[in-house]
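Colleague: one predicted model, sequence on top.
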Amino acid sequence: MCCEAFAFADGLKDRAKAVLIEQVESGASNDDIFKAVREVEKFSILGGANLQNPLLPGNWLMVWTTSNSIAGKTRPKAFQTNTPPEQLLDLENGRAVNAEKVLGIRNAVRADISPLTKNKVKVQFREFSVGPISFKPEGDKFKGELSVSYLDDDMRISRGDKGNAFVLLRESTQREAADRIWKGWKNSW
C-alpha cells in the first residue's frame with residue numbers, strides 16, 4: 001500500500017511538472033505559468049527543497065522567470081540571450097554565478113551565498129562582468145535572498161526576495177530540453 005501511494009504521488013508530480021513545462025514552452029500567460037509553478041511546489045511536502053539536498057549544487061538553466069529584466073525581455077532583441085541563462089550553485093564554497101551569452105560575449109554576476117534557513121540563502125553580489133570588463137560594487141548595496149521551493153533530479157523552482165519566481169532545469173541532463181523550452185517561451189515575448 002505504501003509503495004503504491006508513493007508511485008501515485010510520483011505520477012501526480014510528473015504530470016504537474018509536464019504541465020508546467022508545456023505552459024512555459026507554449027508561451028502561456030505568466031498567470032497560467034505561475035499557477036502551474038504553485039502546483040509543482042505542492043510536491044515539496046515530499047521533501048527535497050532544502051539546502052542540504054545533494055541535488056542542489058551544480059549548473060542550472062533558467063527556462064522561465066517572473067522577472068522581465070532577468071529574462072532580458074526589456075532589452076532590444078539583439079541583446080537578448082538565445083540560450084537559457086545559467087546559474088551555478090556551489091553551497092560548499094558559498095558562491096553562485098549567474099551567466100548568459102549575448103552576441104558571443106559572456107555576461108556574468110558572481111555572488112557570495114550563505115544559509116539563512118533550511119531552504120534559503122543570503123545573496124551578496126560581488127562582481128558584475130560584461131565580457132572582459134568587470135565591476136566590483138562596494139559595500140552591501142547589491143544583495144538579496146533566494147529560496148528553494150521545489151527540487152528534484154532535473155528541476156528546481158526558486159523564489160527571490162523581490163517576489164520573483166524562477167524555473168530551472170539541470171544543465172547536465174536537461175540542456176537540450178532547456179534550450180527548446182527557452183526558445184518556445186522567448187518566441188512569446
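Modeller: Arrived safely.

Colleague: C-terminal to the longest helix seen in the chain, what's the next element?
Modeller: Looking across the chain with DSSP state H, the single longest helix is helix 2-25. Read in the C-terminal direction, the helix or strand following helix 2-25 is helix 30-41, with elements assigned using DSSP states H and E.

Colleague: just to revisit the earlier point, which strands or helices does the longest helix of the chain pack on?
Modeller: If you count contacts as 3 or more CB pairs under 8 Å, 6 or more residues apart in numbering; DSSP states H and E, helix 2-25 packs onto helix 30-41, strand 58-65, helix 171-187. Every residue, glycine included, has its C-beta placed from N, CA and C.

Colleague: one more time with 6 Å, if that's ok
Modeller: helix 30-41, helix 171-187 (3 or more CB pairs under 6 Å, 6 or more residues apart in numbering; DSSP states H and E).

Colleague: using CSV, write down the CA coordinates of the first one.
Modeller: What follows is helix 30-41 as a C-alpha-only set of coordinates in CSV (Å, rounded to 0.1, in the frame of the first residue of the first chain):
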residue,chain,number,x,y,z
ASN,A,30,2.5,34.4,-16.6
ASP,A,31,-0.6,33.8,-14.5
ASP,A,32,-1.1,30.4,-16.0
ILE,A,33,2.6,29.5,-15.7
PHE,A,34,2.6,30.8,-12.1
LYS,A,35,-0.4,28.6,-11.3
ALA,A,36,1.5,25.6,-12.7
VAL,A,37,4.6,26.6,-10.6
ARG,A,38,2.4,26.5,-7.5
GLU,A,39,1.1,23.1,-8.4
VAL,A,40,4.6,21.7,-8.7
GLU,A,41,5.7,23.4,-5.4
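
Colleague: perfect, that will be all.
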